[in-house]
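Novice: Following is a predicted model, sequence given first.
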Amino acid sequence: YFAATGLVNEDKGFAITPFTKIRHKISGMFITSGTATSMGHYWFTDLSGGETKVEFTFQYIRGPSGDLKIVLHHSSLPFNP
């Protein structure tokens, strides 16, 4: 999903689109003793200069050596009724 066209009708191959720039902004974080969750937005700039806004959520846990490991990731286009 997101990487090839034709497998899922609504999938247009977003992840293989040639973007020239990606910026992000974290809107919020929730941190506990063993986990951290962040949410925010990415803006992907395409070859013609148009931007696509995407919402994201990441959740991390601290691994045995102290480094952060991603245990959840979700990205989607904002809801547009």
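Specialist: It's in.

Novice: First-to-last residue distance for stretch 64-71?
Specialist: End-to-end span of stretch 64-71 (CA to CA, to the nearest Å): 14 Å.

Novice: mind checking how far it is from the chain centre?
Specialist: Its chain's C-alpha centre lies 19 Å from the corresponding centre of stretch 64-71 when counted by CA atoms, centre = their mean, to the nearest Å.

Novice: Next, the buried residues of it.
Specialist: For stretch 64-71, the neighbour count (16 or more other CB atoms under 10 Å) marks no residue as buried. (C-beta placed from N, C-alpha, C; glycine too.)

Novice: same question, stretch 37-46
Specialist: Buried-residue list, stretch 37-46, by 16+ other CB under 10 Å: 38, 42, 44.

Novice: shouldn't the first one be in contact with K25?
Specialist: No. Because the distance of 10.6 Å does not satisfy CB atoms under 8 Å, S38 is recorded as not touching K25.

Novice: what's near enough to touch S75?
Specialist: The contact partners of S75, by CB atoms under 8 Å, 6 or more residues apart in numbering, come to 42, 54-57.

Novice: ok, 7 Å please
Specialist: Residues in contact with S75 (CB atoms under 7 Å, 6 or more residues apart in numbering) are 54-56.

Novice: Is it possible to mark the buried ones in those?
Specialist: Among the contacts of S75, those buried by neighbour count (16+ other CB under 10 Å) are 54, 56.

Novice: Which residue ranges of the chain form strands?
Specialist: 21-31, 35-45, 51-62, 68-76 (DSSP state E).

Novice: contacts for the second one?
Specialist: If you take CB under 7 Å, 6+ apart as the criterion, strand 35-45 is touched by 19-30, 51-61.

Novice: Paired strands for it, with orientation please.
Specialist: strand 21-31 (antiparallel), strand 51-62 (antiparallel) (DSSP bridges).

Novice: go on, the shortest one?
Specialist: Applying DSSP bridges to the sheet, strand 68-76 is found paired with strand 51-62 (antiparallel).
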